[in-house]
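> using only what follows, build the 3D model:
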Amino acid sequence: MHLLLIEDDTELCRLMEAYFAAQDVRVTSVHDGPGGLARALTEAFDLVLLDVMLPGFDGFSLLRQLRAASNIPVIMLTARTSPSDRIQGLEQGADDYLAKPFAPGELLARIRAVLRRSNSSIGMAVLELNGVKLCASTREVWCDGSPVDLTGAEFDILELLLRNAGRTVSRDEIATSLYQREATPYERSLDVHISNLRKKMGARRAAIRTLRGAGYLFSPA
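Numbers count the residues shown, from 1 in each chain. As a prediction, the model looks like this:
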């Protein structure tokens, strides 16, 4: 595993490099926004760990530019823990969001969870229902024949709903699939991912129905 860490706290970078090296994980650290974006776009990494407060331009700006060209998994790391910051990061394409200070072991677990989702291609290779086509092996999606660019979390939610088309999928089921835990009562991340997914599906957005108090359902026709 090779991670790109974009973080201006050089001491934190050294600590994380040492911890991950003991886990046989390679970490490349960059300490500013422009340099981090350049490395993310020109070199091969498995996942990006992205701080919000960076010299040059902030993590949100970096993520917007990165998502315009790449679907590489991204976990945001920041001391800014307000719900609006978390929602902003998720809306712009982050796969997960971890507040500082954090335990290195929790970060590693989240990295592995995100990568498992990104690499998952079990079951039926191609799902096609109600104008939506999903290829699990290549992680590509089309709506009415037009390609749809999804983040890793959005793809995983859509795949889960398609595989259970016609059945209500609870928020806890989705949270367990994404985060390996149940959804918390006030958690907004699932709402953000579903909202973004619907927007990207255009005319087919109505295929994902919300059943208040129960969960979500993909209508097969």
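> domain assignment for this protein?
For the chain, automatic domain parsing gives the domain ranges 2-119, 126-218.
> report the contact partners of the spatially most central residue of the chain.
Nearest residue to the geometric centre of the chain (Cα atoms, centre = their mean): residue 95, 1.6 Å. Applying Cβ atoms under 8 Å, 6 or more residues apart in numbering, we find residue 95 in contact with 73, 74, 75, 114, 117, 118, 151, 152, 153. C-beta here means a position set from N, CA and C on the backbone, and glycine is covered the same way.
> please enumerate the helices of the protein.
Counting by DSSP state H, the chain has helices at residues 10-22, 33-42, 59-67, 83-91, 104-119, 152-163, 171-179, 189-201.
> would you put the C-alpha positions of stretch 144-158 in PDB?
Provided in PDB are the C-alpha atoms of stretch 144-158 (Å, rounded to 0.1, in the frame of the first residue of the first chain):
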ATOM      1  CA  ASP A 144     -29.500   6.000 -20.000                       C
ATOM      2  CA  GLY A 145     -26.200   5.200 -21.800                       C
ATOM      3  CA  SER A 146     -24.300   8.200 -20.500                       C
ATOM      4  CA  PRO A 147     -21.300   7.700 -18.100                       C
ATOM      5  CA  VAL A 148     -21.700   8.900 -14.600                       C
ATOM      6  CA  ASP A 149     -18.700   9.900 -12.500                       C
ATOM      7  CA  LEU A 150     -19.200   8.700  -8.900                       C
ATOM      8  CA  THR A 151     -17.000   8.800  -5.800                       C
ATOM      9  CA  GLY A 152     -16.100   5.500  -4.100                       C
ATOM     10  CA  ALA A 153     -18.800   5.900  -1.500                       C
ATOM     11  CA  GLU A 154     -21.500   6.900  -4.000                       C
ATOM     12  CA  PHE A 155     -20.600   3.900  -6.100                       C
ATOM     13  CA  ASP A 156     -20.800   1.600  -3.100                       C
ATOM     14  CA  ILE A 157     -24.200   2.900  -2.100                       C
ATOM     15  CA  LEU A 158     -25.600   2.600  -5.600                       C
END
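> correct me, but residue 201 touches residue 146?
No - using Cβ atoms under 8 Å, residue 201 makes no contact with residue 146, being 10.2 Å away.
> packing partners for the one helix or strand in the chain whose mean pLDDT sits lowest?
Ranked by mean pLDDT, DSSP states H and E, the helix or strand of the chain with the weakest confidence is helix 83-91, at a mean of 76. Judged by 3 or more Cβ pairs under 8 Å, 6 or more residues apart in numbering; DSSP states H and E, helix 83-91 is in contact with helix 59-67, strand 74-78, strand 96-99, helix 189-201.
> pick the most deeply packed of the ones you listed.
Mean neighbour count (mean count of other Cβ atoms under 10 Å) peaks for strand 74-78 among these, with a mean of 24.
> partner strands of that strand, parallel or antiparallel?
Note on strand 74-78: by DSSP bridges, its sheet partners are strand 47-51 (parallel), strand 96-99 (parallel).
> so, low pLDDT: which residues of the chain?
For the chain, applying pLDDT under 70 flags the ranges 81, 119-124, 182-187.
> so which of the helices and strands packed on helix 83-91 comes closest to residue 219?
Closest to residue 219 of these, according to Cβ to Cβ: helix 189-201, at 12.1 Å.
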